[in-house]
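Asks: Quick one, structure for this:
(3 chains)
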Amino acid sequence: MKNKDPKLLLQSAPLLHQELTTPAAMKDVWIALFPATCAALWFFGLSALLIIIASIAGAVLTEWVFTDKEKRRFALSDTSAGLTGLLLGLTLPSGLPLWMAFLGGSVSIGLGKVIWGGLGANIFNPALLGRAFLLGTFPIAMTTWGPAGGPGEFFQIHSSNLALPFMQGHYDALSTATPLGLMKFEHQGTELVSLFMGNTAGSIGETSSLFLLLGGLFLLIRRSIDWRIPVAIFSTAALFSLIMLLTSSAESTTSYPSPFFTLFSGGLLLGTFFMATDPVTSPLTPKGCWIFGIGVGFLVVLIRLYGGLPEGMLYAILLMNAATPLIDRYTQPKIFGR
Amino acid sequence: MTNLKEISIQVQEPGSQRLIISMAVAGFISGIIIISIYMLTFNTIKENKARELREAVFKVLPDVSSMQKLHFVDNKLLLVKSDGMDDDMIFAGYDTKGQFIGYAIQGKGPGFQDTIHVLYGYLSSNRTITGMEILDSRETPGLGDKIFKDMAFVGEFMGLPMTKDIKAVKKGTKSQDNEIDSITGATISSKAVVRIINKAFNIWSPRLPQPGNEPALEIEETKKEANNG
Amino acid sequence: MATDTTAYEEMIKGLWRDNPVFVQVLGMCPMLAVTNSAINAVVMGVATFFVLVGSSFLVSSFKQWIPKQVRISLYIIIIATFVTVVDYSLLAMLPAIHKELGAFIPLIVANCMILGRQEAFASKHNVKYAVMDAVGMSGGFMIALFALGSVREILGVGALFGVDLFGSNFEPWVIMILPPGGFLTLGLLLLFFNWFTERRKQFLGKVAEADRAAVLGVDKNG
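Replies: You can find the predicted model right below:
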């Protein structure tokens, strides 16, 4: 992964293409995701593990099928396909049928990466593209959230997980609403402590703010990700939701959450640390990173408050991904002397 | 052959007169063809539309065998015989003996994507909705279109007491008589249908005459005729 | 130009080699908009077939009388007349399908494939070739529409021509009957078509090489 904050800044124009991401940098992301993955297993049990495995399998298998025979070992050894599968798996609900998770992993790599020309050439974050596909294709299954359980229920697998390919899952327990859904449709808040620990309904890897923060801090300390993007996203989202909260009128039908709720609910932390900072799909220049982060922070609050869906992180990042080439183009530093 | 040659020479250097003439001739012939196809299909198209509406009315008002269109003007419900439709018109349904049964009322309103056009049957004598039919909608296929494809949802409007505004609630949480179970994944469309019916109901309930004072059946428009048409 | 090809070849080229959708990528608007079910796709294909064959026939028959300067306007008048005929006939005969196809029936006028065939082919060839070409092109268009429509209906509803294929437990791929599904399916079909053509070319190349080697070998031996 590139280092955007070196001690000595040496840039030569036009810097449009990235150097290839190395397996070593991928290793940092794997380590950073480890606490959040453990939290996912703790709260959602074996179901979460099966979903993560299915989505990684879909991603890796697709990468293997669509790579030339000679390049296969090299392409798979950088573990980027597996990482995409893991990231996708962490954004899925725990009761999702496994074949859908597999399909999502396969779409992530097939439509999100291979079709653009492989690693480094894609415009959109592959994992989020896979999730967007799944959300558009199976809107009901993707928004049926199982409740978070404890370690005692570790070996309980949702019967809906085991649906046959192309068949509907049969949901065993009554579905619950995510904190964001409760806020949007029922105007109910959720305690910050449970948001922070992760004891809420939601995608398997997004609920535990604490462990996501741990992973994010690790990446920041290792300088694997650009610090400007998370800082810009957090401050914009917090500031914007604070402004909306303060200026809202009492009889308004929209419920405005507090800045802390905005930051710790839904996929904001997971998306910020592990998807928005994806070096392939985020801007190259420092100024571009600020614009990108501010855009994501603004859009996520806007979509959450006024959109049809309770969560907006997915589309906020994808929209800014689409704007990234343009941002890069207008934030190129001027060559000295011209 | 000589004739053709002359023409092909003319094609090389046609005057503007020739251009105008050829356009005019083509336009004239095209116009004749379009008018004839219009005349040919006019009656069938009109009958199709009328039949569609009639079938919808008969569907939302069970046991009805004939109907007539009523127009609300000057605080009175008057009979209309023309084919036109506007928002101030409703339908009255009668049984085989010509006895009044109920009204079919239409309502329009925004859905998830575009305007939803609803027709519902209403018995003013015991204030009950007898059925609901979506005349026109562009809701999401597979989700929003369940407002007319999901028979459980449509069925909830059969025999629904309309003493106060109805309310759409989350599926499985229906506890009151005036509540409707929403469709999973299509909450916005379900709520839109309920809102449209409430709106039309609130417009029409003060306009309808006292039970017993309904206009009598004047034109014979029976089911049999409708099926022939 | 067409003197050395037979009318049959003019027809067959539109079905595969010069397929208007997969090779020329023309007529994308109806292609993406009305293919959310197989029956809509087929009706659209038949409507386009009627319009294209009819206008190719007329344009080719009257090509000597059509002044060059106003030819496009005249083509459009001819096409629009046929489209209006189709529009009213569908409205009278199949009102349910006409409701679903909606504005896309009148929009056949703007289908660049139809105008393109008049300009590129019918105005330069005699009636027989023009009609054969129109049949082939609209046939190819119909094949493409049907391929897209059936894939989208099978995945998006789990049915084909309204007949349930997988039973009530099937999980429909909602995205497939929405606009994004049209783009996705079209892209994947184009990918498949190009992949197939490429493989075929490679295969034929190998066969030719083997033939040449065999001939050379015979020469050496002889």
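Asks: The longest strand along chain B near chain A anywhere?
Replies: For chain B, the strand reaching the highest residue count under DSSP state E is reported as strand B:100-110. No: under the criterion of C-beta under 8 Å from any C-beta of the partner chain, chain A is not reached by strand B:100-110; the shortest gap measures 13.3 Å. C-beta: built from backbone N, CA, C; applies to glycine.
Asks: who does that strand pair up with?
Replies: Applying DSSP bridges to the sheet, strand B:100-110 is found paired with strand B:89-94 (antiparallel), strand B:115-123 (antiparallel).
Asks: who wins for proximity to residue C:8 among the ones you listed?
Replies: With C-beta to C-beta as the measure, strand B:115-123 is the member of these nearest residue C:8 (50.8 Å).
Asks: what is the mean pLDDT for the closest one?
Replies: The predicted model assigns strand B:115-123 a mean pLDDT of 86.
Asks: List the buried residues in that strand.
Replies: Using 16 or more other C-beta atoms under 10 Å in any protein chain shown as the burial criterion, the residues of strand B:115-123 that qualify are B:116-123.
Asks: Stretch C:178-189 too?
Replies: Buried residues in stretch C:178-189, counted by 16+ other C-beta under 10 Å: C:178, C:181-182, C:184-186, C:189.
Asks: just stretch A:229-241 next, same as before
Replies: When neighbours are counted by 16+ other C-beta under 10 Å, the buried residues of stretch A:229-241 are found to be A:229-234, A:236-241.
Asks: swap in stretch B:59-67?
Replies: In terms of neighbour count (16+ other C-beta under 10 Å), stretch B:59-67 has its buried residues at B:59-61, B:64-67.
Asks: Just the closest of those residues to chain C, please.
Replies: Within the buried residues of stretch B:59-67, proximity to chain C (C-beta to the nearest C-beta) peaks at residue B:59, which comes in at 15.6 Å.
Asks: about what we covered before: from the buried residues of stretch A:229-241, pick the one nearest residue A:332.
Replies: Each of these was scored against residue A:332 by C-beta to C-beta, and residue A:229 proved nearest at 18.3 Å.
Asks: Check the gap between residue B:33 and residue C:91 for me.
Replies: From residue B:33 over to residue C:91 the distance is 16 Å, taken as C-beta to C-beta, to the nearest Å.
Asks: Also residue A:290?
Replies: Going from residue A:290 to residue C:91 by C-beta to C-beta gives 57 Å.
Asks: And for residue A:98?
Replies: Using C-beta to C-beta, residue A:98 is found at 48 Å from residue C:91.
Asks: again, but for residue A:302
Replies: 43 Å.
Asks: neighbour-wise, which of these two wins?
Replies: residue C:91 (18 against 15; other C-beta atoms under 10 Å in any protein chain shown).
Asks: sorry, back to before: of the strands paired with strand B:100-110, which approaches residue C:216 most closely?
Replies: Judged by C-beta to C-beta, the one of the strands paired with strand B:100-110 that comes nearest to residue C:216 is strand B:115-123, at 74.1 Å.
Asks: centroid residue for the chain?
Replies: Reading this off chain A. Averaging the C-alpha coordinates of chain A gives a centre point, and the residue nearest to it by C-alpha atoms, centre = their mean is residue A:271 (3.4 Å).
Asks: other chain: chain C
Replies: Nearest to the centroid of the C-alpha atoms of chain C, with distances taken as C-alpha atoms, centre = their mean, sits residue C:141, at 1.1 Å.
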